[in-house]
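Student: Quick one: sequence plus predicted model below, questions after.
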Amino acid sequence: MSRKQNKWKAGLVILFVVSLILGMAGCGRKQSAGTDYYIYYLNQDMTGLELVSYEPEADPEDPDAMIEEFLSLMDEGTTRVEYQRVYPESVEMEKYEYENHRLYMYFNSAYLQMSVTQEVLCRQAIVETMLQITDITGVFFYVGDEPLKDANGNEVGIMTLDSFLDNPGEELNDIQTADLTLYFASLDGTSLVCETQHIYYYSSNISMEKLVMEQLLEGPVSENAQSAIPPGTGLISVSVLDGVCVVNLDENFLVQNYDIQESVVIYSIVNSLSELTSVNTVQIAVNGDSNMVYRKDMSLSEFYTANQELVTEEGEDVEVDQESQSEKEGLLNSGE
């Protein structure tokens, strides 16, 4: 059974103890190698970042020498097949300036040709790599002589480690609660049904954006609603930066159920994520690629905002106890 509506109280103490024990074994951000420095690369399918431990040749107390060395490494990329350089060969960093503990990086116009997914990951990889250098407290990006702007047309400005949402190695640390407003398809597939879920879940490190997507993929509790997203769709990643949320789904998202209108599928995701204060616009990608049209009219290269006109029904107001991963695996192994 994938949902346990109104049964979360039973066994809560046991699950809390188990979650604390599991949390003690969780992994952190950095590898356990004997170095304090890492170079960031894209993973093979360009959906996330990989860290490679590195021992610099430059003097760590010489910021300019360290900047030059790290930039050279990121520009050269890596010979390891499981990693990719963070930006295409057409993208060049034309110059940089380092003053008052801040690093200013100037890229050519090809920088703007990257997909949103790759650009956000590229930005994060560069910033997190450079912020390891002594005395650098912030990084600015420019394209030509103009400050970099986000997908909403706002200047990105100074970037620090707090600029990026990241949840690697999610740990089961504590039992959390969240109130979510989710949008599912109506039974006839022509509109959206709004369902309110009061979630009890078991990872304090999971982002709200990912929690929303997991609950959408799990499906509704309301009897007057159905999941809009094609069954079997997997969530590869979800990230948000500067109010732009990028949802990366696997190829099963392209399996069509024509009983549900294409706009209902798209806005089920967009409306649900837009309920979060961190999200202004949403872009959807399939295996990291947003350069496609979903069915006939919905371009995935677009940045979508919520569309309340599609919402015609209210679903239930429910309490949901989200199963832990170990519970889900146990159910699968038992054949239930």
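Tutor: Nice, I can see it.
Student: Let's see the pLDDT reported for the nearest residue to residue 102 once chain neighbours are set aside.
Tutor: Distance criterion CB to CB, 6 or more residues apart in numbering; nearest residue to residue 102, sequence neighbours excluded, is residue 138 at 4.9 Å. Every C-beta, even on glycine, is put in place using the N, C-alpha and C of the backbone. According to the prediction, residue 138 has pLDDT 91.
Student: Return the residues in contact with residue 138.
Tutor: Residue 138 makes contact with 101, 102, 103, 158, 159, 160, according to CB atoms under 8 Å, 6 or more residues apart in numbering.
Student: Mark which of those residues are part of helices, please.
Tutor: Among these, no residue falls in helices (DSSP state H).
Student: nearest to residue 179, of those?
Tutor: Residue 179 has its nearest neighbour among these in residue 160, at 29.5 Å by CB to CB.
Student: mind checking pLDDT for the residue lying closest to residue 82 once chain neighbours are set aside?
Tutor: Distance criterion CB to CB, 6+ apart; nearest residue to residue 82, sequence neighbours excluded, is residue 44 at 5.3 Å. Per-residue pLDDT puts residue 44 at 74.
Student: tell me the contacts of residue 44?
Tutor: Per CB under 8 Å, 6+ apart, neighbours of residue 44: 81, 82, 83, 84.
Student: rerun that using 10 Å as the cut-off
Tutor: 50, 80, 81, 82, 83, 84 (CB atoms under 10 Å, 6 or more residues apart in numbering).
Student: next one: residue 285
Tutor: Listed by CB under 10 Å, 6+ apart, the contact set of residue 285 reads 46-47, 115-118, 236-237, 246-249, 253, 291-292, 300-301.
Student: hmm, 7 Å instead?
Tutor: Taking CB atoms under 7 Å, 6 or more residues apart in numbering as the criterion, residue 285 is in contact with 117, 246, 248, 300.
Student: so how far is residue 110 from the last one?
Tutor: Applying CB to CB, to the nearest Å, one obtains 22 Å for the distance of residue 300 from residue 110.
Student: The two - which one has more neighbours?
Tutor: Legend: neighbour count by other CB atoms under 10 Å for residue 300 and residue 110, higher for residue 300 (19 against 14).
Student: For the more buried one, which non-adjacent residue is spatially closest?
Tutor: In space, residue 300 is closest to residue 290, 4.4 Å off (CB to CB, 6+ apart).
Student: Other residues contacting stretch 142-162?
Tutor: Residues outside stretch 142-162 that contact it (CB under 7 Å, 6+ apart) are 104-107, 109, 111-112, 116, 127-128, 131, 138-141, 242-244, 280-281, 303.
Student: which of those are buried?
Tutor: For the contacts of stretch 142-162, a burial check counting by 16 or more other CB atoms under 10 Å picks out 104-107, 111, 116, 127-128, 131, 138-141, 242-244, 280-281, 303.
Student: three-state assignment of residue 98?
Tutor: Here residue 98 takes the strand state, with states given by DSSP: H, G, I helix; E, B strand; the rest coil.
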